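[1] predicted model and sequence follow; I will ask about them next.
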Amino acid sequence: MTLSHFATPTDDRYFEDYEPGLTYEFGSVAVTEAEVLDFGRRYDPQAMHTDPVRAAAGSFGGLIASGWHTGALMMRLLATHYLSSVASLASPGVDELRWIKPVRPGDELRIRVTTVSAARSRSKPDRGLVRSFVEVLNQRDEVVMSIIGMVLLRCRRAAP
C-alpha cells in the first residue's frame with residue numbers, strides 16, 4: 001500500500017512514527033532548463049549538463065540534469081515531506097545510489113519512499129536509525145534514481 005502522507009506531521013514526527021514496510025509518495029518538483037544549466041555550470045561542468053548544442057550531439061541526445069542535481073531535488077522532497085523537522089539528527093550515510101535514467105528539462109519528479117527498517121540505538125537509547133529506500137520517478141512513472149538512505153532520529157519516548 002502506498003500512502004500520500006504520514007499520520008503525524010513533520011513537526012511532531014519521531015523515530016516511532018517510521019513504520020518498516022510502509023511506502024509513501026511525495027512531490028512534485030519541476031526540472032527547468034535554467035536550473036539544469038546553472039547547476040551544471042556551478043557543480044558538474046560537463047557539456048551534457050551545460051551546453052544544449054553539444055548535448056544535442058552527445059550520447060543522450062540533449063541536455064540532461066547532473067545526477068547530483070537530481071539527488072539535490074530528491075533531498076528537497078525528502079526533507080520537506082518525509083524527514084522530521086523536530087527529531088532528525090543527522091545521516092550517517094547512504095548506500096546504493098543509482099542514476100537509472102536521464103532527467104531532462106521539463107521533467108516533473110516525485111519520490112516514493114519505503115521505510116526499510118527502524119532500530120533503536122543500543123548505545124544511545126534516546127534515538128534510532130531509520131533506513132529508507134527512495135526512488136525518484138518522473139512524470140511517466142519511470143524510476144530515474146534510487147538510493148538507500150539512513151537517518152538518525154530522536155525518540156518520542158525513552159526506551160522501555
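    Right, received. Where do you want to start?

[2] Ser121 reaches Leu153, doesn't it?
    No - under the criterion of Cβ atoms under 8 Å, Ser121 is not in contact with Leu153, lying 10.0 Å apart. From N, CA and C alone the C-beta is placed, and that goes for glycine too.

[3] what sits in contact with each of those two?
    Taking Cβ atoms under 8 Å, 6 or more residues apart in numbering as the contact rule, Ser121 and Leu153 both touch 127-129.

[4] adding neighbour count and secondary structure, write those residues out as TSV.
    Output for the shared contacts of Ser121 and Leu153, formatted as TSV (neighbours: other Cβ atoms under 10 Å; DSSP: H, G, I helix; E, B strand; the rest coil):
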residue	neighbour count	secondary structure
Arg127	18	strand
Gly128	23	strand
Leu129	18	strand
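
[5] now Glu16, nearest residue through space, not along the chain?
    Closest residue to Glu16 in three dimensions, ignoring its sequence neighbours and counting by Cβ to Cβ, 6 or more residues apart in numbering: Arg156, at 5.2 Å.

[6] His49 versus Ala65, what's the distance?
    Counting by Cβ to Cβ, to the nearest Å, the gap from Ala65 to His49 is 7 Å.

[7] go on, Trp99?
    Going from Trp99 to His49 by Cβ to Cβ gives 12 Å.

[8] those two - which one has more neighbours?
    In terms of neighbours (other Cβ atoms under 10 Å), His49 is the more surrounded of Trp99 and His49; the figures are 23 against 18.

[9] which positions within the helix or strand hosting that one qualify as buried?
    If you go by DSSP states H and E, His49 is part of helix 47-50. Judged by neighbour count using 16 or more other Cβ atoms under 10 Å, the buried positions of helix 47-50 are 48-50.

[10] so who does Leu129 touch?
    92, 117-119, 121, 150-153.
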